[in-house]
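1. quick one, structure for this:
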Amino acid sequence: MTSNRVFKDRRNTLGAEKRSNPTNANGQDPDSSNSPVQAQSTRARAGVLKLGAFQTKKPLGNFAAGRHMNLKNLLDPYSEKLMVQLEKVKGQKIWGQSVPRIDMATAIDKGQRDYQEDAILMDCPVGSDTGIVVVSDGMGGHAAGDIASKIVATEVFKYWKFSGLNCLSSDAEVRECLLKAAEEANGCLSEVVSRYSETKGMGATLLALVLIGTRAFWMSIGDSPLYRLRDGELCQLNEDHSMAPQIDMMVKLGMLDQQSADEHPDRNTLTSVIMGGDIPKIDCPEHASHLEPGDILIAATDGLQFLSEEEIQSIVAGNQPHRSETIVARLVRALEDLEAPDQDNFALSVIKIGE
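-> This is a model prediction of the structure:
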């Protein structure tokens, strides 16, 4: 378990953003019209963010104005695709096996940033034996990070929906499809950068989670975490492509104290990211992870990690009997209750595996 993420912004401090409270005065489940929890057919507010090795101190100049210039033509085709769907998949048959009901919900919030830089897409249609969640987090301080996350999330989501559903016969086929989806997204970023000079240096992380019956596949690039709660214990399933694991190892070896590790200026430095060039690291296991009834998965951007893993575990386990919307709302409320002055954008999806 790691300690709370230090509320320290290595970029210019951004103004606070007033957000709606995800619970009412009585502590009851929120009304979807006032909550950041995305109800069915609600349009996602997509974006991106990131700190780290690829951070630049080069001023963005008038790039903000560029968001309203010719880059608008780039964003328009994606705006209609970035829809967050909340679906309930009832018990069904797959390969002669009974598939447990899957309950999914999602939320996205700007935190204390001026604009949304995270992107999230999810789809688990009723009557289908598959589901997908794609999370992308743009690199903070870089040109067009918000655009990068939209492109990465959309390209991976689109590739899976058009090609991946034809590659379900083996773990190897699913894995190959996920890797190909990352290649497509990376190639698209490369093409955009070559066409729009003001986007040079943009990049994004990627977390794609695919559910096929009782099997879970994932592919991740960067530091967006994938958690699983099983029997009350929370663990991170995917690799963290940042300097945080190495710094934490220094604590275990007695080379660094915990406070220094938490406040280390390189803690959030990325060691892998999608930027249109070579991708240093990709976490995409060869074999699926088996899901058990009662498992809860959380796919998120690193903005969720303003909460410690102990806090996330307590919230999710404490609300395990409730539906996914309630768990999402409790996590959002906990982040807001922190009142961290530099709370990152955060996007998260909670997936409950039913009995």
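2. just checking, L165 touches I132?
-> No: contact criterion C-beta atoms under 8 Å: L165 and I132 do not qualify, at 9.5 Å. Where C-beta positions appear, they are placed from N, C-alpha and C, glycine not excepted.
3. more neighbours, these two?
-> I132 (21 against 14; other C-beta atoms under 10 Å).
4. got a list of what the more buried one touches?
-> Residues near I132 by C-beta atoms under 8 Å, 6 or more residues apart in numbering: L121, M122, D123, C124, F157, W160, K161, G164, A208, L209, V210, L211.
5. now do the same for it: helix, strand or coil?
-> Assigned by DSSP: H, G, I helix; E, B strand; the rest coil, the conformation of I132 is strand.
6. which strand residues bridge it?
-> For I132, the residues forming beta bridges with it (DSSP bridges) are D123, V210.
7. neighbours around P245, how many?
-> Applying other C-beta under 10 Å, we find 14 residues neighbouring P245.
8. and the host helix or strand of it, what does it pack onto?
-> Taking DSSP states H and E as the criterion, P245 maps to helix 244-252. Applying 3 or more C-beta pairs under 8 Å, 6 or more residues apart in numbering; DSSP states H and E, we find helix 244-252 packed against helix 258-262.
9. low-confidence stretches in the chain?
-> Scanning the chain with the threshold set as pLDDT under 70 gives 1-100, 127-129, 140-143, 355.
10. show me where it has helices.
-> For the chain, applying DSSP state H gives helices covering 63-66, 71-79, 145-162, 171-195, 244-252, 258-262, 309-318, 324-338.
11. got these as JSON lines, with distance to D114 columns?
-> Shown next, in JSON lines, are the helices of the chain (distance: least, C-beta to C-beta, whole Å):
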{"stretch": "helix 63-66", "distance to D114": "10"}
{"stretch": "helix 71-79", "distance to D114": "17"}
{"stretch": "helix 145-162", "distance to D114": "11"}
{"stretch": "helix 171-195", "distance to D114": "23"}
{"stretch": "helix 244-252", "distance to D114": "26"}
{"stretch": "helix 258-262", "distance to D114": "26"}
{"stretch": "helix 309-318", "distance to D114": "26"}
{"stretch": "helix 324-338", "distance to D114": "17"}
